[in-house]
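Peer 1: no sequence for this one, just the structure:
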């Protein structure tokens, strides 16, 4: 099933989901139903018109916290992936050009990096810098840059072996021009899918960090820290655990649908296969 | 055009395996030279060595002189000058010699604007006329297509146009007809013949197929296992082959010809 309709539908659903999350994230900057310090709701009050998703153990509005969590998720996902793509992509392209011993050295370095658990790396950085949103973003960004570096290295190598690179070299094109003209346009469709995947993974990693108490400290609320807070009261107020969990899933699915849709729609190679 | 003189060219891999043991040939002005041999014999590597584009794990020794310049010790910028204006190359598989995500017109436009300084409408006109030169029936459509959207024959024509865009003095054609069916093969060979004639270029025609070479070149160098086993005028070699390998090549080309001849006669009856 790779009809045009499907790719459009993916694009459509993905954009709606991501658009909605983005809108809520932006809205939380200027308006939330209740202030984050407002404890007027009463402990663990259930779902009501005043508190759509109830309140937490301190009487704060769940919906307001979820909205702030959306902002943190988008921020972490976007910035961490940006760090990962820029850092990892640059390293990967350089490694792609490297040959012989230098190539061996670089790829072993990348293998070590990728074998090193992202979460452990994140905990090290958080331990060194202290728990803050920036630490989390930095840690997750560094962690996923190894994924991008390895992928870009492979893609670059495979493109460098193509005849059109030789032809381009023979017509006197310099290496930097070859990167811009041939390598980047050829690798972005594949990179894009990884970007989406890693965006979701970054959101999850942030949730894990927060869950472990290493994430953004209050007044930042992330979906991960909401899950953590909910674990003690999960039997009395299950909604406070279910909603952030479901939102995380929706985020990951939305980003993946969007990226798939974009890739299928704009990658000339896939268009050709149809 | 300056003379290209390859003397005792050797190519070794890093582990010391000898891929080309000794290859020598001369390409004079307007010469059409065939490099003939089975796959793995070192034909394509010789061509890459001429352009200084051997893969990093291979090293060349011997001598490749172009005019006064020794290419094997030339600097990158000297090589770039030679590459851009003197040598063009066409490969076996046109799908891999064209960037799959760039439209044909744009790919052709790069060297045209770089070497002839064309911009805007002039560039568009030049792109279409260079496509017309390689006998593409609808230059406008092809210029606005991606490589996968045009036929195999058209792709190879585009690859030729691309190699010609810098107005090279030498054209290296590396097995350019191998991936095409026979009727398109002969069209491409005719096209190559015409263009080489018109532009007075030197041609290095790399092939494993003696019959195909016989249609295009006047001189051949026959390579086996990285060694030149026979070289000289094509006609002389066909009339009077010295080595067993070349005799075998000629015999098999003849028997194929005979077979085709019989088939043709059968068809006419």
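Peer 2: Received it, and whenever you're ready, just let me know what you need. Given the structure is predicted, the values throughout are model-derived calculations rather than measurements.

Peer 1: what's the burial count for residue 151?
Peer 2: Let's take chain A. By other CB atoms under 10 Å in any protein chain shown, the residues close to residue A:151 number 18. The C-beta positions use only the backbone N, C-alpha and C, and glycine is treated the same way.

Peer 1: Wait, chain B was what I had in mind.
Peer 2: Neighbours of residue B:151 (other CB under 10 Å): 12.

Peer 1: go on, the one 3 residues further on?
Peer 2: For residue B:154, the neighbour count with other CB under 10 Å is 23.

Peer 1: State the mean pLDDT of stretch B:241-256.
Peer 2: Taken as a whole, stretch B:241-256 has a mean pLDDT of 84.

Peer 1: ok now that stretch, how far from the chain's centre?
Peer 2: On the basis of CA atoms, centre = their mean, to the nearest Å, stretch B:241-256 is displaced by 23 Å from the centre of the chain it belongs to.

Peer 1: And the helices in chain A, which stretches?
Peer 2: A:4-30, A:62-83, A:89-97, A:100-115, A:118-129, A:133-160, A:163-170, A:175-178, A:184-211, A:223-230, A:239-266, A:268-273 (DSSP state H).

Peer 1: could those helices go into JSON lines alongside distance to residue B:49 and mean pLDDT?
Peer 2: Formatted as JSON lines, those follow (distance: least, CB to CB, whole Å; pLDDT from 0 to 100):
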{"stretch": "helix A:4-30", "distance to residue B:49": "46", "mean pLDDT": "85"}
{"stretch": "helix A:62-83", "distance to residue B:49": "43", "mean pLDDT": "88"}
{"stretch": "helix A:89-97", "distance to residue B:49": "21", "mean pLDDT": "91"}
{"stretch": "helix A:100-115", "distance to residue B:49": "19", "mean pLDDT": "85"}
{"stretch": "helix A:118-129", "distance to residue B:49": "46", "mean pLDDT": "82"}
{"stretch": "helix A:133-160", "distance to residue B:49": "18", "mean pLDDT": "90"}
{"stretch": "helix A:163-170", "distance to residue B:49": "12", "mean pLDDT": "85"}
{"stretch": "helix A:175-178", "distance to residue B:49": "20", "mean pLDDT": "89"}
{"stretch": "helix A:184-211", "distance to residue B:49": "27", "mean pLDDT": "85"}
{"stretch": "helix A:223-230", "distance to residue B:49": "58", "mean pLDDT": "81"}
{"stretch": "helix A:239-266", "distance to residue B:49": "39", "mean pLDDT": "86"}
{"stretch": "helix A:268-273", "distance to residue B:49": "32", "mean pLDDT": "63"}
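
Peer 1: Any idea which of these gets closest to residue B:215?
Peer 2: Nearest to residue B:215, of all those, is helix A:163-170, at 23.7 Å by CB to CB.

Peer 1: hmm, who's touching the closest one?
Peer 2: A:159, A:178, A:181-182, B:48, B:51, B:53, B:83-84, B:87-89, B:91, B:93, B:96-99, B:110, B:159, B:162-163 (CB atoms under 8 Å, 6 or more residues apart in numbering or on different chains).

Peer 1: The residue nearest to residue B:233 when sequence neighbours are not counted: what's it in contact with?
Peer 2: Leaving out its chain neighbours, the residue that sits closest to residue B:233 by CB to CB, 6 or more residues apart in numbering or on different chains is residue B:219, at 5.8 Å. Listed by CB under 8 Å, 6+ apart, the contact set of residue B:219 reads B:31-34, B:231-234.

Peer 1: Across the sheet, point out what pairs with residue B:219.
Peer 2: Counting by DSSP bridges, residue B:219 forms beta bridges with residue B:33, residue B:233.

Peer 1: What's the separation between it and chain A?
Peer 2: 23 Å (CB to the nearest CB, to the nearest Å).

Peer 1: cool, residue B:90 as well?
Peer 2: Distance from residue B:90 to chain A, by CB to the nearest CB: 8 Å.

Peer 1: Residue B:129 too?
Peer 2: Distance, residue B:129 to chain A, by CB to the nearest CB: 18 Å.

Peer 1: okay, that residue: pLDDT?
Peer 2: Reading off the model, residue B:129 has pLDDT 89.

Peer 1: Could you do residue B:167 as well?
Peer 2: Model confidence at residue B:167 (pLDDT) stands at 85.

Peer 1: Next step: the contacts of helix A:163-170 restricted to strands.
Peer 2: B:87-89 (DSSP state E).

Peer 1: Among the residues you listed, which one sits closest to chain A?
Peer 2: For the ones in strands among the contacts of helix A:163-170, the closest approach to chain A (CB to the nearest CB) belongs to residue B:89, at 5.3 Å.

Peer 1: contacting residues around that closest one?
Peer 2: With CB under 8 Å, 6+ apart, residue B:89 has these contacts: A:166-167, A:170, B:47, B:51, B:163, B:171-174.

Peer 1: go with 7 Å
Peer 2: Residue B:89 makes contact with A:167, A:170, B:47, B:51, B:163, B:172, B:174, according to CB atoms under 7 Å, 6 or more residues apart in numbering or on different chains.

Peer 1: same thing with residue B:71?
Peer 2: Neighbours of residue B:71 in contact, by CB under 7 Å, 6+ apart: B:50, B:52, B:64, B:79, B:82.

Peer 1: Can you lay out those as JSON lines showing neighbour count?
Peer 2: JSON lines is the format used below for these (neighbours: other CB atoms under 10 Å in any protein chain shown):
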{"residue": "B:50", "neighbour count": "25"}
{"residue": "B:52", "neighbour count": "21"}
{"residue": "B:64", "neighbour count": "22"}
{"residue": "B:79", "neighbour count": "20"}
{"residue": "B:82", "neighbour count": "23"}
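
Peer 1: Could you pick out the residues of chain A near chain B for me?
Peer 2: Chain A comes close to chain B at residues A:99-100, A:162-164, A:166-167, A:169-172, A:182, A:185-186, A:268-269, A:272, as judged by CB under 7 Å from any CB of the partner chain.

Peer 1: Just the buried residues out of the residues you listed, in PyMOL syntax.
Peer 2: PyMOL command restricting the residues of chain A next to chain B to the buried ones, with burial defined by 16 or more other CB atoms under 10 Å in any protein chain shown:
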select buried, chain A and resi 162+163+164+166+167+169+170+171+172+182+186+268
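
Peer 1: Okay, and residue B:222 sits in which element?
Peer 2: strand B:219-224 (DSSP states H and E).

Peer 1: and that strand, average pLDDT?
Peer 2: Strand B:219-224 comes out at a mean pLDDT of 89.

Peer 1: Could you give the number of residues near the closest residue to residue A:135 other than its chain neighbours?
Peer 2: Closest residue in space to residue A:135, ignoring its immediate chain neighbours: residue A:129 at 4.4 Å, by CB to CB, 6+ apart. Residues within reach of residue A:129, counting by other CB under 10 Å, total 13.

Peer 1: Now do the phi/psi pair for the closest residue in space to residue A:218 that isn't next to it in sequence.
Peer 2: Ranked by CB to CB, 6+ apart and with sequence neighbours excluded, the top spatial neighbour of residue A:218 is residue A:36, at 7.8 Å. With angles defined as degrees, to the nearest 10, residue A:36 sits at phi -70, psi -20.

Peer 1: Residue B:29 and residue B:170: what is the separation?
Peer 2: 10 Å (CB to CB, to the nearest Å).

Peer 1: Which neighbours do the two have in common?
Peer 2: Joint contacts of residue B:29 and residue B:170 (CB under 7 Å, 6+ apart) are residue B:202.
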